[in-house]
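Chemist: Please find the sequence and the predicted model below.
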Amino acid sequence: MKKILVALGLSLAAMSSQAALTFVSNGSTIATNAVNDVTGQGVGTTYSTGNLFADAGDTIVFTNLASLTEAGYTNLFINGSSVFSNKSGSGDTYSFFSALGGLLTFSFTDANGVTFNQGSSSIAVLTNPSTFGLVDQFVLLLDDSAALHTDFDDHAVGVSAVPVPAALPLMASALGAFGIARRRSNKAKAV
């Protein structure tokens, strides 16, 4: 009976597993203005620069939000083999499993060939994207090197974490424990 209760506890833990992204600001905050308003929807918000971290076992989903950008030049978002352009593919997604967790790896490259890695002062993070009708995610905003002003509206990419794969190993171990307990119970009854 004790083993069954342990297995039940593991299965409950698996079901309650939650994904989480953590943003650590470096202290720089960018206020919106007439130039820096992300197609007019971001007026009255602030963005921060810093780094995004994922929990181990999360599936990270990047979503191209090209429709929110106002850049005249073509900018690219790059994560592994996934590339999003600010000129097309709005709504396209790319997912990957973050087995170890930690600092997310991504970059933006602008039309001048300048690459901005996570943590760059040219990448801002909108931590409350409800302004755009988005929930449970962060929005990455790029200020490319082509402009003479600070306007974090040159490319936008949503980032969210999905907890389901993180729960699968726990669920599998719980089901395995149930199976072992049942097998031992059946053996004991047979003897």
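Modeler: Received it, and whenever you're ready, just let me know what you need. Since the structure is predicted, the reported quantities are computational estimates derived from the model, not experimental observations. Residues are numbered from 1 along each chain as shown.
Chemist: Show me the domain layout of this protein.
Modeler: Each structural domain of the chain that the record assigns through automatic domain parsing is listed here as a residue range: 1-18+165-191, 20-162.
Chemist: Can you flag the weakest of these by average pLDDT?
Modeler: Mean pLDDT is lowest for domain 1-18+165-191 among the domains of the chain, at a mean of 56.
Chemist: Spatially nearest residue to Thr115 (excluding sequence neighbours)?
Modeler: Closest residue to Thr115 apart from its sequence neighbours, by C-beta to C-beta, 6 or more residues apart in numbering: Thr109 at 4.9 Å. Placement of C-beta: from N, CA and C, glycine included.
Chemist: ok, now which ones touch the one you found?
Modeler: The contact partners of Thr109, by C-beta atoms under 8 Å, 6 or more residues apart in numbering, come to 75-76, 78, 115-116.
Chemist: Just give me the closest of those to Asp144.
Modeler: For Asp144, the closest of the contacts of Thr109 turns out to be Asn75, at 5.3 Å, with distances computed as C-beta to C-beta.
Chemist: for Tyr94, what are its contacts?
Modeler: Taking C-beta under 8 Å, 6+ apart, one finds 61-62, 79-80, 82, 84 in contact with Tyr94.
Chemist: give me the element the closest residue to Leu65 other than its chain neighbours is part of.
Modeler: In space, not counting the residues next to it along the chain, Leu65 is nearest to Ala156; the distance is 3.9 Å by C-beta to C-beta, 6+ apart. For Ala156, the host element (DSSP states H and E) is strand 155-162.
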